[in-house]
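Engineer: Quick one: sequence and predicted model below, then my questions.
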Amino acid sequence: MSALAVALLCFLPAILCLVFVCLGWFAKKRPAIEEWRLATFRWGLILASVTTALLLTSSVHLLITLEPAQGLWLFSNRIAIALWFLCLGAAFVGKSWGRALLFGWWVLLFVGVFGADSATIP
């Protein structure tokens, strides 16, 4: 099985959860909350997409090389971890379904990274 297929399989639940959050956001099914909370949640969605892309590409690289992250990949992973925690904060700022789905994405992304890392164990 190719590295991309394994990584996509590991990240599929997190990606689907993020897609559901974005679909609800674009359908304008937002709860009535303050403007700053809406803006923070919107930035959380953007950063969640960036974080997913960074960790997915890093996981594909890990599965291809079977070596720990070094150089640019290590820097990318550290940025992704920082963004991942910012997204957790944005999830808590949200309300109702958005909060639950973004928090679910947060947990599932961890599971996906753990799964991709576990796939490298012989």
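Structural biologist: Received, thanks.
Engineer: rest of the way, CA atoms for contacts and neighbours
Structural biologist: Will do.
Engineer: got a list of what residue 34 touches?
Structural biologist: Taking Cα atoms under 8 Å, 6 or more residues apart in numbering as the contact definition, residue 34 lies against nothing.
Engineer: all strands of this protein, in order?
Structural biologist: Using DSSP state E, the chain contains no strands.
Engineer: how near is the residue nearest the centre of the chain to residue 35?
Structural biologist: Most central in the chain under Cα atoms, centre = their mean is residue 52, positioned 3.8 Å from the mean C-alpha point. Distance from residue 52 to residue 35, counting by Cα to Cα, to the nearest Å: 26 Å.
Engineer: before we move on, what about residue 17?
Structural biologist: As it turns out, when the distance is counted by Cα to Cα, residue 17 lies 24 Å from residue 35.
Engineer: Between these two, tell me which one has more neighbours.
Structural biologist: residue 17 (20 against 9; other Cα atoms under 10 Å).
Engineer: Am I right that the more buried one is in contact with residue 103?
Structural biologist: No. Applying Cα atoms under 8 Å as the test, residue 17 and residue 103 come out as separate, 9.4 Å apart.
Engineer: Show me the shaky parts of this structure.
Structural biologist: Screening the chain residue by residue with the criterion pLDDT under 70, one finds the ranges 1, 31.
Engineer: nearest residue to residue 30 other than its sequence neighbours?
Structural biologist: Distances taken as Cα to Cα, 6 or more residues apart in numbering place residue 24 nearest to residue 30, at 7.5 Å, with adjacent residues excluded.
Engineer: Tally up the residues packed near that neighbour, please.
Structural biologist: Using other Cα under 10 Å, residue 24 has 14 neighbouring residues.
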